[in-house]
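> When you get a sec, could you give me coordinates for this:
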Amino acid sequence: VFWRFIWSIFLKNIAFKFYIRLKVKGTPFSELYKKQPKLIIISNHASHLDAVSIAASIPRRYWLNLYIAAAKDYFFSNWLFTFFSQHCLGAVPIDRKDR
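Next up is the predicted model:
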């Protein structure tokens, strides 16, 4: 919880606000969540920033219910990526080589 909060401050309040300048349009997430609390959000996977961008677009209060499917061979390839993926993103490893 601590690392997710720290990461959310960097992600939402610094990186995606001032550097990337993420703009979210459409129905507010809180309204979507009220209607569909078990919601799956899927991106077109244009880059490795897709999952992080989606996380940055979701209000911080929902982050503990947020899980990201992440490629095991990339996001869990070493101890630093594994720590970041598990504790900051809440990522779940998906083995792309296994059926």
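
> Quick check: the residue nearest in space to the middle of the chain vs Arg99, distance?
In the chain, the centroid-proximal residue (CA atoms, centre = their mean) is Ala55; its distance is 3.3 Å. For Ala55, the distance to Arg99 equals 28 Å [CB to CB, to the nearest Å]. For every residue, glycine as well, the C-beta is placed using N, CA and C.

> so how far is the least confident helix or strand in the chain by mean pLDDT off the chain centroid?
None of the helices or strands of the chain scores lower by mean pLDDT, DSSP states H and E than helix 50-57, at a mean of 86. Its chain's C-alpha centre and that of helix 50-57 lie 5 Å apart, by CA atoms, centre = their mean, to the nearest Å.

> All further residue positions should be reported with the first residue as 59.
Renumbered: residue one is now 59, and that last one reads helix 108-115.

> Check the secondary structure at His106 for me.
Secondary structure for His106, judged by DSSP: H, G, I helix; E, B strand; the rest coil, is coil.

> how many other residues sit next to the residue nearest to it when sequence neighbours are not counted?
Closest residue to His106 apart from its sequence neighbours, by CB to CB, 6 or more residues apart in numbering: Tyr132 at 7.4 Å. When neighbours are counted by other CB atoms under 10 Å, Tyr132 registers 12.

> Tell me the pLDDT of Tyr132.
pLDDT for Tyr132: 90.

> name the helices or strands packed onto the helix or strand where it lies?
Secondary structure assigned from DSSP states H and E places Tyr132 in helix 130-133. Applying 3 or more CB pairs under 8 Å, 6 or more residues apart in numbering; DSSP states H and E, we find helix 130-133 packed against helix 137-141, strand 149-152.
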